[in-house]
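K.L.:
Need a 3D model of the following:
(one chain, ligands or ions: 2)
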Amino acid sequence: MAEARAIGTLPVANVQELAASFNKSDDQVPERYLVKEATTDGELVAGEDSSLAIPVIDLAKLLDPRSSEEECAKLASACHDWGFFQLINHGVPYEVAGNLMNDVAEFVKQPLEAKKAWSQQPGSLEGYGQAFVMSEDQRLDWGDMLYLQVQPAASRDLRFWPTHPASFGRSVDVYSSATAKLSYRLLEFMAKGVGAEPASLLGVFEGQPVGMRVNYYPPCRQADRVLGLSPHTDGSGLTMLRQKNDDVQGLQINKDGKWFAVNVLDSAFVVNVGDVLEVLSNGKFKSVEHRAVIHPNKERISVAMFHYPCQDLVLSPLSEFVTEGEKVRYRSTSYQDFLMQYFAAKLDGRNHVERLKLE
Ligand SMILES: O=C(O)CCC(=O)C(=O)O
Ligand SMILES: [Fe+2]
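P.N.:
Numbers count the residues shown, from 1 in each chain. Ligands and ions are numbered 1, 2, ... in the order given. Presented below is the predicted three-dimensional model:
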């Protein structure tokens, strides 16, 4: 990620502060945050009915030889049809995620002046602020972020790591080691689910960088006129997300042109396929467009862990994933170039991965 660190974003107002005064006023949403169409317009499927909800995958079933094959197949179709699933029985202790979420909430609660100690610096992706703001007239998202490279430990830039609360660093360390290990297990089962040898896929990801993004979405009185995070795909391999309050919905997934709201199950990870994994799998797993919407009177905090591939990767479908007689569907590119482009543009649906498609 060294090169990616050379790119940055334009500084913009802190949304937590803005929301605090806006929500007490009678004003209209500031022009720069206004979406063209209300986020409630168009078809939105709430996902109460299980056939309309993202699939649930059970790690205990994947690990049990009696159910593994069936669950692997379910995992593979979840990654193909939805690009998303919720993972239960994942074995990451409740307190490991709980400690991180508490520390993150503690960080967010501090006054802005205190948080400024960890602000993004010009030309840097890491730190507290926003991302993907490339021009003065770009519409802005209703949220603040803290982005850090968290693994491997030697790559950490501690200038951006909050020292309040004091346990923050330790919580991130324990949590990110756990999600990294879990991501390798999942990649192995995903490969098996499509009949591919897992070794080369694992070789691309094991021991490689992990980025962490804390998303803070303040409430907004006119919630349907703003977006917390614009529609996008993730530039990673596999992303694993948890949120602080499981009762506040925010994440929505675009499937067949409809937005599906995700009801996060208690203590589950929401896992999704990123652009890199779509390409490596020759499209057998899909990097699906998603967005975050805002609640009218509740804040929401989510933490996304981005599991990246090795930095010198030539990004192209792995031969294990190109079935005999099947076409190679993506052109080959240097992963570094891909990443530079990803972080040097505004969030814009599936455009990064679409550009790599051959058909
Ligand atoms: O907050 C969410 O639910 C979505 C976050 C997300 O998509 C991201 O950080 O890339
Ligand atoms: Fe995302």
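K.L.:
could you measure Glu136 against ligand 1, distance?
P.N.:
24 Å (CB to the nearest ligand atom, to the nearest Å). For the C-beta atoms, the positions are set from N, CA and C on the backbone; glycine is no exception.
K.L.:
Is that residue in a helix, a strand, or coil?
P.N.:
Of the three states, Glu136 takes coil under DSSP: H, G, I helix; E, B strand; the rest coil.
K.L.:
could you list every residue that touches it?
P.N.:
Glu136 makes contact with Leu10, according to CB atoms under 8 Å, 6 or more residues apart in numbering.
K.L.:
Tell me where the protein has helices.
P.N.:
In the chain, the helices defined using DSSP state H lie at 15-22, 59-63, 68-81, 94-109, 112-115, 168-193, 199-205, 275-280, 335-343, 351-354.
K.L.:
now the last one: mean pLDDT?
P.N.:
Yep, that's helix 351-354 we're talking about. Mean per-residue pLDDT for helix 351-354: 90.
K.L.:
Show me what that helix packs onto, helices and strands only.
P.N.:
The criterion is 3 or more CB pairs under 8 Å, 6 or more residues apart in numbering; DSSP states H and E, and the helices and strands that helix 351-354 contacts are helix 275-280, helix 335-343.
K.L.:
Which positions in the stretch 151-300 of the chain make contact with ligand 1?
P.N.:
Remark: the part of the stretch 151-300 of the chain in contact with ligand 1 comprises Arg213, Asn215, Leu229, Asp234, Leu241, Gly250, Leu251, His290, Ala292, using CB under 6 Å from any ligand atom.
K.L.:
ok, now with 8 Å
P.N.:
213, 215, 217, 228-229, 232, 234, 239, 241, 243, 250-251, 262, 270, 272, 290-292, 300 (CB under 8 Å from any ligand atom).
K.L.:
burial of the nearest residue to Val104 once chain neighbours are set aside, as a residue count?
P.N.:
Excluding its sequence neighbours, the residue lying closest to Val104 (CB to CB, 6 or more residues apart in numbering) is Val214, at 5.2 Å. For Val214, the neighbour count with other CB atoms under 10 Å is 24.
K.L.:
residues in contact with Ala261?
P.N.:
Applying CB under 8 Å, 6+ apart to Ala261 gives the contacts Leu44, Val45, Ala46, Gly47, Gln249, Leu251, Gln252.
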